[in-house]
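A.B. asks: quick one, what's the 3D model for this:
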Amino acid sequence: MTSIADLAPGERVILISRVVDAPRDLVFEAFTNPKHLTRFWGPKGFDCTDCKVDLRVGGTFSIMMRGPDGNSYPATGVYEDVTPPEQIVYSGTANEGHPCGGGIPPRSTVTMRFTEEGARKTKIVVHSLLQTSADKDAAIAGGFSIGWNDSIDRLEAFLASQ
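C.D. replies: All right, here's what the predicted structure looks like:
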């Protein structure tokens, strides 16, 4: 398991942290159930058209987004750690045609932590380790941070409707 010390920003790291108004079990479920992921994954204006999840160490996932430009943006990855409802670690094998793929930079390792914040809130920490600082800069320029924050905004709206 990744230690807390590993969740620090650095020259190859993109770190996003948000608190959402929903219990941790529900937030974890939203990120691991394809039926839920399709409701919120992606930046504003994008639709998640297909999602498959094999939630186990060594299992894979695939997400297909359609952008407002009509293009498809695929993302695939392999789960390295699944510790419900605390953590998900995956390696991104995203579309090489875009620096943040369908939300997952190519050849990156993403650690998602879910921490209870009181009785009904959850802190989500997304730690993305890229191969080089140039890969990090390209992912940010390609909208990685904006897309994740949009997805979390959409997640909050989805969870509030449940």
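
A.B. asks: now the helix or strand bottoming out on mean pLDDT in the chain: buried residues?
C.D. replies: Here the helix or strand of the chain ranked lowest by mean pLDDT, DSSP states H and E is helix 133-141, holding a mean of 85. The neighbour-count check on helix 133-141 (16 or more other CB atoms under 10 Å) flags 135-136, 138-140 as buried. C-betas here are computed from N, CA, C, even on glycine.

A.B. asks: from the rest of the structure, what touches the very next helix or strand once past it?
C.D. replies: For helix 133-141, the succeeding helix or strand toward the C-terminus, using DSSP states H and E, is helix 144-160. Helix 144-160 has contacts (CB atoms under 8 Å, 6 or more residues apart in numbering) with 14, 16, 18, 20-22, 26-27, 30, 36, 39-44, 99-100, 103, 105, 124, 126, 128.

A.B. asks: from those residues, which land in strands?
C.D. replies: Counting by DSSP state E, those place 14, 16, 18, 20, 124, 126, 128 in strands.

A.B. asks: against Arg12, how distant is Glu156?
C.D. replies: Per CB to CB, to the nearest Å, Glu156 is found 29 Å from Arg12.

A.B. asks: which among the ones in strands among the contacts of helix 144-160 end up buried?
C.D. replies: For the ones in strands among the contacts of helix 144-160, a burial check counting by 16+ other CB under 10 Å picks out 14, 16, 20, 124, 126, 128.

A.B. asks: can you pull out the helices in the chain?
C.D. replies: In the chain, the helices defined using DSSP state H lie at 24-32, 34-40, 133-141, 144-160.

A.B. asks: could you dump the buried ones among the ones in strands among the contacts of helix 144-160 to a markdown table with distance to Val89 and pLDDT?
C.D. replies: A markdown table is the format used below for those (distance: CB to CB, whole Å; pLDDT from 0 to 100):
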| residue | distance to Val89 | pLDDT |
| --- | --- | --- |
| Ile14 | 15 | 90 |
| Ile16 | 15 | 93 |
| Val20 | 20 | 97 |
| Ile124 | 14 | 97 |
| Val126 | 11 | 93 |
| Ser128 | 11 | 90 |
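
A.B. asks: fine, thanks again, bye for now.
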